[in-house]
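Enquirer: Just need the structure, nothing else, for what follows:
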Amino acid sequence: MERTASFNDTNNTLSSQPSLASVPSLNSHSHLFNASTTSHTCLATLKPHASSYTSSLALAGKFLYAGSSDREIRSWNHTIFLSEQHLQNTNLITAGTGAVKSIVVHSDKLFTAHQDHKIRVWRITTQDHDQQKFTRVATLPTLGDRVTKILIPKNHVQIRRHKKCTWVHHVDTVSSLALSHDGTLLYSVSWDRTLKIWRTKDFACLESVRNAHDDAINAVAVSGDGHVYTGSTDKRIRVWRKREGEKKHSVVETLEKHRSGINALALSSDGCVLYSGACDRSILVWEKGENWKLVVVGALRGHTKSILCLGVVRDLVCSGSEDKTVRIWRGIEREYSCLAVLEGHRSPIKSLTATLDHSDHPSQLSLLVYSGSLDSDVKVWQQDFDHGDI
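Expert: Numbers count the residues shown, from 1 in each chain. Prediction:
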């Protein structure tokens, strides 16, 4: 299967499409706070990967993890102020072929999604001086899963005209990963149009939803109440749930407001608001309404090209775009303001992650944003707030 999503990893081209005229803008023209109480700066510009760009970023505890477009995974202590000299001591592993598309961490396990159709699981051992040792404990699907499925004909599915494969295999790039809130389940989506659910205890594939979308799936997010959200190049978001008494996930909603391929999804901390970013240059804001059905309440506008990545920290939304900028948004009661436009990258923003920090001054909070671009740089941004503003 060929991918037809908006971003082409081979030639680094993207295609933006018009914004959504039918969806009202939530951007506030009257600021919700005193702009003088916030400021932002670029703390550092890093090059964690010598000959490639950063394709995925994740924070877990005091460590930042970065996956590259050329099979590298690095980690380092982000609480120590970063410098190029400090990067020489990062922890490095290489695996598979092609890009590391997604990274999630649970307890002492690191899960990585790869362009070579595999998911890899690593045990993390943190040693003195912030060094981490990674030991590969599984490649999904596991050998045991493959062996038990291959002998039974009903476990085989047609993937091409003259080729079959067991249902536990992804047969194209694994594009995104998400963990259940208790860490017992791992969800993966792929350009092969499937959604798979894995048990993290023994790495068994519990379920595979074939043809979950009509085109490549680019993003997955999971809420605390068990709803699973998938976003696809087919312009749709699907909401999945395992209903009481059922063994498999099924679609409970299909959301169709975007006019172009969906690249990123993010959930508010309480799971009641979903943010979706697409090639139509808008971030749609979905809220749970009657019967807990999601309703689009508006759009965040300001980016001039495709939205490629999203992150949420408390009531702050971070967005990275093909237009080479990161925007920070804050919303209160459906009224949003763009707090900052972070400029400095020379190419589209492919990945980002963020966290709040209050170590420098007890009366002040800082939002730390890490952004990875096709220009091979990872930039570290700091947005400061007075404690009462957030």
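Enquirer: residues of stretch 331-338 that come out buried?
Expert: Going by neighbour count (16 or more other CB atoms under 10 Å), the buried part of stretch 331-338 is Gly331, Tyr336, Ser337, Cys338. All C-beta spots, glycine's among them, are computed from the backbone N, C-alpha and C.
Enquirer: out of those, which are inside strands?
Expert: Gly331, Tyr336, Ser337, Cys338 (DSSP state E).
Enquirer: Let me know the closest of the residues you listed to Leu185.
Expert: The closest of those to Leu185 turns out to be Gly331 (CB to CB; 29.3 Å).
Enquirer: mind listing what that closest one touches?
Expert: Leu26, Val285, Asp315, Val317, Ser337 (CB atoms under 8 Å, 6 or more residues apart in numbering).
Enquirer: Let's see that with 10 Å instead.
Expert: By CB atoms under 10 Å, 6 or more residues apart in numbering, the residues touching Gly331 are 26, 28, 32, 268, 273, 275, 285, 298, 300, 315-317, 337.
Enquirer: again, but for Val295
Expert: Val295 sits next to Leu255, Lys257, Val285, Trp286, Glu287, Lys288, Gly289 when contact means CB under 10 Å, 6+ apart.
Enquirer: Please work out how many residues are found near the last one.
Expert: Close neighbours of Gly289, defined as other CB atoms under 10 Å, add up to 10.
Enquirer: And the next helix or strand past the worst-scoring helix or strand of the chain on mean pLDDT?
Expert: Using mean pLDDT, DSSP states H and E, helix 84-87 stands out as the lowest-scoring helix or strand of the chain, at a mean of 55. Downstream of helix 84-87, the first helix or strand assigned by DSSP states H and E is strand 91-94.
Enquirer: what's in contact with that following strand?
Expert: Contact partners of strand 91-94, identified using CB under 10 Å, 6+ apart, comprise 48-49, 63, 65, 68, 70-77, 100, 110, 112, 120, 122, 124, 126-127, 130-136.
Enquirer: May I see the ChimeraX selection of the buried members of the residues you listed?
Expert: ChimeraX command restricting the contacts of strand 91-94 to the buried ones, with burial defined by 16+ other CB under 10 Å:
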select :48,49,63,65,68,70,71,72,73,74,75,76,77,100,110,112,120,122,124,126,130,132,134
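Enquirer: list the helices and strands the top helix by length along the chain packs on?
Expert: Longest helix of the chain, by residue count under DSSP state H: helix 143-150. In terms of contacts (3 or more CB pairs under 10 Å, 6 or more residues apart in numbering; DSSP states H and E), helix 143-150 is packed against strand 132-140, strand 163-166, strand 205-209.
Enquirer: buried set for that helix?
Expert: Neighbour counts over helix 143-150 (16+ other CB under 10 Å) mark Asp145, Arg146, Lys149 as buried.
Enquirer: if we can go back for a sec, what about the helices and strands packed on helix 143-150, which gets the closest to Leu185?
Expert: strand 205-209 (7.7 Å).
Enquirer: Restrict that closest one to CA atoms and write it as PDB.
Expert: Included here for strand 205-209 are C-alpha records, laid out as PDB according to Å, rounded to 0.1, in the frame of the first residue of the first chain:
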ATOM      1  CA  CYS A 205      -1.600  -8.300  20.000                       C
ATOM      2  CA  LEU A 206      -5.100  -8.500  21.300                       C
ATOM      3  CA  GLU A 207      -7.000  -6.900  18.400                       C
ATOM      4  CA  SER A 208      -6.500  -5.500  14.900                       C
ATOM      5  CA  VAL A 209      -9.100  -3.300  13.300                       C
END
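Enquirer: Compute the first-to-last residue distance for stretch 284-304.
Expert: End-to-end distance for stretch 284-304: 15 Å, by CA to CA, to the nearest Å.
Enquirer: Measure how far it is from the centre of its chain, please.
Expert: Counting by CA atoms, centre = their mean, to the nearest Å, stretch 284-304 is centred 19 Å from the centre of its parent chain.
Enquirer: do the same with stretch 52-62
Expert: In terms of CA atoms, centre = their mean, the centre of stretch 52-62 is found 10 Å from the chain centre.
Enquirer: and that stretch, average pLDDT?
Expert: The predicted model assigns stretch 52-62 a mean pLDDT of 96.
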